[in-house]
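Chemist: build the 3D model from these lines:
(3 chains)
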Amino acid sequence: MTQKTPMRMQDKIILRVVSKALIPPILLFALYVQFHGDFGPGGGFQAGVIFAAGLVLFGVIFGLDAVQEVFPPIWVEILTAVGVLLYGGVGVVSIMLGGEFLNYDVLHLPGPMHGQHLGIFLVELGVGITVASAMTAIFYFFAGRATKR
Amino acid sequence: MSGLPIYWMAIVLMMVGLYTVIARDNLVKKIMGLNLFQVAVIMLYVSMGKVEEGTAPILDHGHLPEGFQHFSNPLPHVLMLTAIVVGVATTALGLALAVRIKEEYGTVEEDEIVLMDQALERGEG
Amino acid sequence: MEAPTPHEVEVVHRTLTDHLPILQVIIPLLAAPLCVLLRERALVRGMAIGVAWTCLAISVTLLQHVMEHGVISYAVGGWDAPFGIEYRIDLLNAYILVVVSAIAAVVFPFGRGGEGLALNPARVHLFYAALLLCLCGLLGMAATGDAFNIFVFLEISSLASYSLIALGRGRRALRAAYSYLVMGTIGGTFFLIGIGLLYQTTGTLNIVDLHDRLQPVIGSRTVVVAFAFLVVGLGIKLALFPLHQWLPNAYTHAPAKISAFLAATATKVGFYVLLRVLFTIFGATFVFTTLRLHNLLLPMSLAAMFVGSLAAIAQTDIKRLLAYSSIAQIGYMTLGVSMGNVDGLAGGIVHLFNHAMMKGGLFLVVACVVLRTGSAKIDDMAGLGRKMPLTMAAFVVGGLSLIGVPATVGFVSKWYLVKGALERGWEPVALLILLSSLLAVIYVWRVLEVIYFRERPEGAKEVGEVDATMLIPTWILIGAAVFFGLRAELTSQVALDTARMLLGTGL
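Modeler: Numbering: from 1, shown residues only, chains lettered A, B, ... in the order given. Here you go, the predicted structure:
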């Protein structure tokens, strides 16, 4: 670089424009992978990672402060826990309804097929929330250390 | 016989990883070696799931997709999804420890850290 | 669109008792994220203690149930074995679950929480979350009957314990945690390779089903290689000599309370999984007749006993001394396994329980000392016998039990080990067991000499007795070491039954 003060990434027009164009599709794609996971390839873990990748890209280009304004660290911590609780909660509900832990059959609204559907949907949602926030938390930890020095 | 080359690749990758873990002093490189080691195992598992002439195990309106007689085994893939999560967690924790070690010792080279600890022990003794 | 496989919903009314095998694992699993949400230190601490005691109650109920009615099988998600994940509680699991949850129930309330941690007080709730995850992993490994599930819980407990060890004061805790992470991950991955090869050969992951399906192909190279990977991987986890290098550093630099918890549980559960692999998956005949594993396990166990004890004698740090002593004690357990007869194996199994009690108790004593004097150097314990009489008395009893003095639990396990060795016709081994006990006399005496017969140096920090929150847990464990030494039939009966079960049918 020729400038005396190093250029921030967000000042580079190509990076800014391309990332702005890419981030919304990345997040949308994450949601697609999440909610289409019970019909085709996909699922909570993959969706969570893709969603976090979108956030990480945003953070890399526009800085840690900008991304933490969108997704504050306290919410990252809370959502990590909420996802696990959602997952476990489905299991606990299925126990309360008389089935085994995570037996989705008993969650039936009209029948066991729907129970299976709802069960895996909620469990994958829990996984997705946890993975997305955990990945973001990991990014925050390392990025936060780097800017301190 | 078709399975053989991939096993060899898995073994080579595994050994590269293990060698890196053992031979490198840099704590970050060790984590990279560990990662390679785990990826090799993931490759081994995923290759197990392949059934010759099998297709992706997704029902097409309740039927096998046309032109296929059977599915590949999806179970190893599912298992590896968990192993990948474990790998991610291990890598993150390992790197986090490396960052903390860097903050405390000022270096991530293991030989230097060992020297510093030994100097400290001699000072105490 | 037609449904692929429509299945009926069975309306079976299950009582809460039927769910105990899984509740054991999911209560700590769900309590961990609750810790993160609650944040309030006192609340979180109370919850962790409550969870540990609930788990203890569940595991005791399970043990009673198994002793009366036999094996409990629980199909997670309603998918029956061998296709779904089965939680299978037999005598051995139930016994391990009681040991782990009892240690947790005693160690969690120790102290007022957060002492001796290199952690911002505002983040102590995360410490409890990690502690509960570690408990969840250990209980899960013991409860599940699915080989891959064992790997998952193994990694949950390991990852939690790496981060707990890193919370020790001083930068060497970080290094200890790092090397444990590297070693532990290699061990875990070896275990994973072993399971993969077995799955490839048999197409199943259920350990009982694995046993049946392995029989036709048991001598094949893949199976033998799988066996080697599993045993070496677990050897790292349970710190079997010569794979023990991570253990002394990890236990020395971890917070003292964590050392007590891990020393009493983590290696024990590793030992349990080894028993499962050897006897339930592969079967005693293959292990001892075909592979002749005792030819390898016996020298390694003896080496562990002597190297561990000799290294313990040379230590200047009390935590490191106890850690090396742990390696020697693990040697006793694997020695029992290598004998391959009921008495020897029962000796190993009963020693698992006994060692958990006494080593847990001794590490808690050390935790008291470290909190009072701020040092774990043996020399800094000079004259503590008069300053902290109750704590130090606990150390005396625990130390006697390590040696194996009659009326303590240490004697019970050595009795069975010697009996097993004589039965096997290994008289020299029986002699070596006694000899290594003499080494234990030396390292315990070294500490006692400093505690009781040396004056507290001039100008040393003024110390007093610790409060009840620390004394009561310590004395519960040490008291248990005496109680079960006097009422040896309580534990040894279970151990003998378990050993017969493992050697007999292999199930």
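Chemist: elements contacting the longest helix seen in chain A?
Modeler: Longest helix in chain A by number of residues (criterion: DSSP state H): helix A:112-148. Applying 3 or more Cβ pairs under 8 Å, 6 or more residues apart in numbering or on different chains; DSSP states H and E, we find helix A:112-148 packed against helix A:13-35, helix A:44-62, helix A:64-70, helix A:73-96, helix B:75-105. Where you see a C-beta, it was placed from the backbone N, CA and C, and this is true even at glycine.
Chemist: repeat that with 7 Å
Modeler: Judged by 3 or more Cβ pairs under 7 Å, 6 or more residues apart in numbering or on different chains; DSSP states H and E, helix A:112-148 is in contact with helix A:44-62, helix A:64-70, helix A:73-96, helix B:75-105.
Chemist: what residues of the least confident helix or strand in chain A by mean pLDDT count as buried?
Modeler: When the helices and strands of chain A are scored by mean pLDDT, DSSP states H and E, helix A:112-148 comes last with a mean of 84. Across helix A:112-148, burial judged by 16 or more other Cβ atoms under 10 Å in any protein chain shown covers A:112-113, A:115-117, A:119-140, A:143.
Chemist: residue contacts, the residue nearest to the spatial centre of chain A?
Modeler: Central residue of chain A (Cα atoms, centre = their mean): residue A:132, 2.4 Å from the mean position. Contacts of residue A:132 were listed using Cβ atoms under 7 Å, 6 or more residues apart in numbering or on different chains, and they are A:48, A:51-52.
Chemist: in stretch C:433-447, what's buried?
Modeler: Neighbour-count burial for stretch C:433-447, counted by 16+ other Cβ under 10 Å, picks out C:433, C:436-437, C:439-441, C:443-444, C:446-447.
Chemist: ugh, wrong one, I meant stretch C:311-325
Modeler: Neighbour-count burial for stretch C:311-325 flags C:311-313, C:315, C:317-325 (criterion: 16+ other Cβ under 10 Å).
Chemist: that one near chain B at all?
Modeler: No - judged by Cβ under 7 Å from any Cβ of the partner chain, stretch C:311-325 stays clear of chain B, getting no closer than 8.0 Å.
Chemist: how about stretch C:142-157?
Modeler: Yes - contact of stretch C:142-157 with chain B (Cβ under 7 Å from any Cβ) involves C:148, C:152, C:155.
Chemist: rewinding a little: out of the buried residues of stretch C:433-447, which touch chain B?
Modeler: Within those, nothing lies near chain B by Cβ under 7 Å from any Cβ.
Chemist: now those residues as JSON lines including secondary structure?
Modeler: Formatted as JSON lines, the buried residues of stretch C:433-447 follow (DSSP: H, G, I helix; E, B strand; the rest coil):
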{"residue": "C:433", "secondary structure": "helix"}
{"residue": "C:436", "secondary structure": "helix"}
{"residue": "C:437", "secondary structure": "helix"}
{"residue": "C:439", "secondary structure": "helix"}
{"residue": "C:440", "secondary structure": "helix"}
{"residue": "C:441", "secondary structure": "helix"}
{"residue": "C:443", "secondary structure": "helix"}
{"residue": "C:444", "secondary structure": "helix"}
{"residue": "C:446", "secondary structure": "helix"}
{"residue": "C:447", "secondary structure": "helix"}
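Chemist: out of these, flag the one nearest to residue C:188.
Modeler: Relative to residue C:188, the closest of the buried residues of stretch C:433-447 is residue C:436; by Cβ to Cβ it sits at 30.2 Å.
Chemist: ok, the closest one - contacts?
Modeler: Contacts of residue C:436 (Cβ under 7 Å, 6+ apart): C:305-306, C:309, C:328.
Chemist: what residues are up against the closest residue to chain B within chain A?
Modeler: As assessed by Cβ to the nearest Cβ, chain B sits closest to residue A:138 within chain A, at 4.7 Å. Residue A:138 is in contact with residue B:92, counting by Cβ under 7 Å, 6+ apart.
Chemist: one more pass at 10 Å, please.
Modeler: Residue A:138 sits next to A:52, A:56, A:76, B:88-89, B:91-93, B:95-96 when contact means Cβ atoms under 10 Å, 6 or more residues apart in numbering or on different chains.
Chemist: near chain C, which of the residues you listed show up?
Modeler: Near chain C, judged by Cβ under 10 Å from any Cβ of the partner chain, the entries from the contacts of residue A:138 are B:89, B:91-93, B:96.
Chemist: and the nearest residue to residue A:140 once chain neighbours are set aside, how close does it get to residue A:27?
Modeler: Using Cβ to Cβ, 6 or more residues apart in numbering or on different chains and skipping residues adjacent in sequence, the residue nearest residue A:140 is residue A:73, 5.7 Å away. In this view, residue A:73 and residue A:27 are 19 Å apart by Cβ to Cβ, to the nearest Å.
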